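Q: next comes the sequence, and after it the predicted model I'd like to discuss.
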Amino acid sequence: MKLLLLSNSAAPGRGYLDHAREAIAGHLAGIDELLFVPYALADHDGYTAKVAAFMEGIGIRVRGAHTADDPRELVAGAQAVFIGGGNSFRLLKSLQERGLVEAIAGRVRSGVPYMGSSAGTNMACPTLRTTNDMPIVEPASFTSLGLIPFQINPHYLDPDPGSAHMGETREERLTQFLEENAVPVLGLREGTWLRRDGDSLELGGVATGARLFTADAAPAEYAPGADLSALLATRARFDSRAG
């Protein structure tokens, strides 16, 4: 499989996706047209136009999955698939209702490049259980595309000792997840991404890297350029009582 999984789609002082332009261009090299899946936001046309404006700069046409009565037909003929960010619960519910979970996962496993950002990166995981989003709708289950065997937490924020916020930190919430589920979680900080090519998995980005959480060890730090291929051998165990 060929995957590019971005923590975020916008960076301070940069245009949409511009911080990852080189990585995106390399990932989509040789592609003429991209199928964009806009269901994480309500404005499908506006979202697709935003993606198209960026992709035009690297010579790629964009078609929105929402423009077909049956988007599975577009998936079947897609050269590459990009699922954008927004609300992960709304996104997964939309994919389930349109029969796109199996359709997209099967196409990507057959060799079609996949790109995700934020919620679209959550979709590449076995489930959406490590999303940051509010459950504004209820999907049929939490099971997502399963293109990787571990979980990702996009937009990962380190604990701030000086913060006046009294709720759980991201670290505490991921620790709670690991109390119920035996599966690693990679916290992707802003400006970072993962690139999978077959059995190779590399951390990329322009920022401070990622933090790996596991149930039996202290969190581990990784810098951009780190080889994380060992995570592809993960054998996950989830609490079967929830999705």
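A: Received the coordinates, thanks.
Q: any idea which residue sits dead centre in this protein?
A: Centroid check for the chain by CA atoms, centre = their mean gives residue 121 as the closest residue, at 0.2 Å.
Q: leaving out chain neighbours, which residue sits closest to it?
A: residue 5 (4.3 Å; CB to CB, 6 or more residues apart in numbering). Placement of C-beta: from N, CA and C, glycine included.
Q: correct me, but the one you found touches residue 151?
A: No. The criterion here is CB atoms under 8 Å, and residue 5 misses it with residue 151 at 11.6 Å.
Q: any stretches of this protein with poor pLDDT?
A: 159-167, 236, 240-243 (pLDDT under 70).
Q: for the one helix or strand the residue nearest to residue 121 maps to, name the packing helices and strands.
A: Per DSSP states H and E: residue 5 is located in strand 2-6. Judged by 3 or more CB pairs under 8 Å, 6 or more residues apart in numbering; DSSP states H and E, the packing partners of strand 2-6 are helix 21-27, strand 114-117, helix 119-123, strand 192-197.
Q: is the residue nearest to residue 121 bridged to anything, and to what?
A: With DSSP bridges as the criterion, residue 5 is bridged to residue 116, residue 194.
Q: and it, what does it touch?
A: The neighbourhood of residue 5, defined by CB atoms under 8 Å, 6 or more residues apart in numbering, consists of 115-117, 120-121, 124, 148, 152, 188, 193-196.
Q: kindly report the same for residue 80.
A: Residue 80 neighbours (CB under 8 Å, 6+ apart): 28, 31, 33-35, 112-115.
Q: show me the two of these that sit farthest apart.
A: 33 and 114 (14.8 Å; CB to CB).
Q: the more surrounded of those two?
A: Remark: of residue 33 and residue 114, residue 114 carries more neighbours, 26 against 13, as counted by other CB atoms under 10 Å.
Q: so residue 158, which of the three states?
A: Applying DSSP: H, G, I helix; E, B strand; the rest coil to residue 158 yields a three-state assignment of coil.
Q: burial check on it, number of neighbours?
A: 13.
Q: and residue 215, by the same measure?
A: 15.
Q: wait, it sits on residue 182?
A: Yes. When contacts are counted by CB under 8 Å, residue 215 is listed as touching residue 182 (5.8 Å).
Q: separation between the residue lying closest to residue 61 once chain neighbours are set aside and residue 82?
A: With CB to CB, 6+ apart as the criterion, residue 61 has its nearest non-adjacent residue at 4.4 Å, and that residue is residue 33. Using CB to CB, to the nearest Å, we find residue 33 at a distance of 11 Å from residue 82.
Q: over to residue 128?
A: Applying CB to CB to residue 128 and residue 82 gives a distance of 18 Å.
Q: who's more crowded, these two?
A: residue 82 (27 against 22).
Q: confirm that the more buried one sits in a helix.
A: No. Counting by three-state DSSP, residue 82 is located in no helix; its state is strand.
Q: from what I see, it and residue 40 are in contact.
A: No. In this structure, residue 82 is not within contact of residue 40 by CB under 8 Å, at 11.4 Å.
Q: surely residue 190 and residue 11 touch.
A: Yes. Between residue 190 and residue 11 there is a contact under CB under 8 Å: 6.7 Å.
Q: endpoint to endpoint, stretch 176-188 covers what distance?
A: 18 Å (CA to CA, to the nearest Å).
Q: now tell me what touches it from outside.
A: 5, 7, 121, 126, 129-130, 149-156, 168, 170, 174, 194, 210-215, 219, 228, 231, 234, 236-239.
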